[in-house]
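1. what follows is a predicted structure for the sequence shown.
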Amino acid sequence: MLLARYFFHRLVLLSLLVSLGMGGLLARNLWAMHQNLLDNAERASRNLSHTLAVGLEWVLADVDRDVLQMRSTLQNDGLQGIDAQAMLAVSGSALLLLDAQGRGVRDMAFGQEQIDLVQRDFFQALQRQPDMGLAIGVPQVLVQDSPQVLPLARAWQQADGRLGGVIVAFVPLQRLQQWVSGMHMAPGSAINLIRMDGQVLLRFPALSALPRAHTLAGSENLRRYTASQAGVFTRPSVLDGIERIHSFEHVTAMPLLVNVVQARDAVLAPWRSSAWTLGGIALLLFLGNLGLALLFVRELERRRRTQKALQVEKDRMQEMALHDPLTGLPNRTLLQDRIEHAIAAAQREAGAIGLLYLDLDGFKEVNDRWGHAAGDHVLVHIARQLQQVARMSDTVCRLGGDEFVLLLPGCTLVDVREVIIRVLQACATPCWWHGENLQAVYGVSGGVSIYPEHGTSFAELLRHADTALYQAKEAGRGQVYYFQAVPSY
Ligand SMILES: Nc1nc2c(ncn2[C@@H]2O[C@H](COP(=O)(O)OP(=O)(O)OP(=O)(O)O)[C@@H](O)[C@H]2O)c(=O)[nH]1
């Protein structure tokens, strides 16, 4: 409950607000870092895929030029136009001429005329659709124990339009691999060479789990790859479902594209560790801040309580200093203060003040017969009676012992008579003590002085009222005298 009250203290709320502000700022910066990292990764991937696409185009277009050159010779001059020298590929790749049945007609690399490639994917594709242009096969081994090659093939047609055969160039895979082999790839990142139909031709670094005929055909990723010349997007990979940043670019004039994929998790790994560290520090600062604010508020509360207790004590002391502890009536000190204020007011307004000095008769006997407690009871009873007859502006005071004073501002010599009657009646009311009426034993005598007739100061008025009281007692008790010993009732 107390903690809940502390919690809603302005200081704590302020500290929460400051902490929230700082937290917001930190979150904003972390978010900016996060976005920067992704942007940088995208930019780096885009640059890399662009460089690779341009480089591949440069190499493969060279090879394709050789193929095109041979096709034009074949179509113009037929087979006899091909001599050994003419078949030397300028690009340095091996060239092979297949007849319409996929058998080797002439080759510059292997010197094998009996080679049969009818089952190879590129040959079958061209056989089905001779006008498809450049066909690119999956990396393959041409003859046993030779290194893997990437086939680039085109059909040539005879004068009558029939398929004359296929010219195929083999680009050693090693030649392509050596470009990328020096690159350092982060975990989960890869470079892929993909045919437009979705067939993955090459992947670096090679995945041991990569299926031989891994194809993206029919996937959303392939749809995006083929929808534009180049681009970047983030999606799970087809192969393993890991979320990756995909940057791709088409190899100009080839049914090929290059993509660079980076695992989003790996890209964000350094950010994540910074975020945890900064988040942890921010949380500690937040808790520290909150803790300090709570401690501070608790200290403030403690001081406030102490001050309140001190004030209560001070008020109590003041009350004790100005009031009678038995009856709670103002004491002599407060009476003096009130009279002086009343005199000042009366002087300003030419008003009057009555002072009625009362002393119980036979009070000692009450004490003697029934004990001090009974005496106290009588004193409290008289105090209450006097308070009841007094007006709001009057002051009933206990001077000490069995002496009471009534300060009656605005009360003239004429008015005081009525007050005296009421006071004497009030004091005559029964005062019961264990079934006995103590009032049968005591009575009351009084003396009156009036401002300004009988005095203009507290001391003078009190003294004269006391004198009148003395005279009343002398005259036989149970009566009230005005000063100058004129009996009033
Ligand atoms: N119970 C009680 N008695 C008190 C207190 N203060 C003074 N007294 C007693 O009050 C009495 C006052 O004395 P007196 O005024 O001579 O008593 P009295 O019998 O009224 O005499 P007269 O005034 O001459 O009629 C004394 O016995 C005091 O001890 C008090 O606070 N409580």
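-> Great, that's in hand.

2. pretty sure residue 202 sits in a strand.
-> Yes - membership of residue 202 in a strand is supported by DSSP: H, G, I helix; E, B strand; the rest coil.

3. residues near it, how many?
-> By the measure other C-beta atoms under 10 Å, the count of residues near residue 202 is 20. C-betas here are computed from N, CA, C, even on glycine.

4. distance of the residue lying closest to it once chain neighbours are set aside from residue 257?
-> Once flanking residues are discounted, residue 202 sits nearest to residue 193: 3.9 Å by C-beta to C-beta, 6 or more residues apart in numbering. The gap separating residue 193 from residue 257 is 8 Å, by C-beta to C-beta, to the nearest Å.

5. in the stretch 351-489 of the chain, what residue is nearest the ligand?
-> When scored by C-beta to the nearest ligand atom, the stretch 351-489 of the chain has residue 375 as its residue closest to the ligand, at 2.4 Å.

6. need the three-state assignment for residue 206.
-> Secondary structure assignment for residue 206 (three-state DSSP): coil.

7. and it, how many residues sit next to it?
-> Residue 206 has 10 neighbours, counted by other C-beta under 10 Å.

8. which residues touch the residue of the stretch 351-489 of the chain closest to the ligand?
-> Contact analysis of residue 375 by C-beta atoms under 8 Å, 6 or more residues apart in numbering lists 363, 366, 367.

9. go again using 10 Å as the cut-off
-> Listed by C-beta atoms under 10 Å, 6 or more residues apart in numbering, the contact set of residue 375 reads 326, 360, 363-369, 401-402, 433, 438, 442.

10. and it, its phi and psi?
-> phi -60, psi -50 (degrees, to the nearest 10).

11. please renumber so the chain begins at 369
-> That works, and once the first residue is 369, the last one we named lands at residue 743.

12. get me the contact residues on the chain for the ligand.
-> Residues of the chain lying close to the ligand by C-beta under 6 Å from any ligand atom are 694, 727-733, 735, 740, 743-744, 747, 769-770.

13. now this structure, which segments are flagged as low pLDDT?
-> Applying pLDDT under 70 to the chain flags the ranges 369-376, 449, 451-460, 474-482, 575-581, 853-857.

14. hang on, the earlier thing: of the residues of the chain next to the ligand - the most surrounded one?
-> Neighbour-wise, these (other C-beta under 10 Å) top out at residue 743, 24 neighbours.

15. tell me the buried residues in stretch 631-646?
-> Neighbour counts over stretch 631-646 (16 or more other C-beta atoms under 10 Å) mark 631, 632, 634, 635, 636, 639, 643 as buried.

16. do stretch 696-707 as well
-> So stretch 696-707, judged by 16+ other C-beta under 10 Å, has buried residues 697, 698, 699, 700, 702, 703, 704, 706, 707.

17. next: stretch 433-451.
-> Neighbour-count burial for stretch 433-451 flags 434, 435, 437, 438, 439, 441, 442, 450 (criterion: 16+ other C-beta under 10 Å).

18. good, wrapping up.
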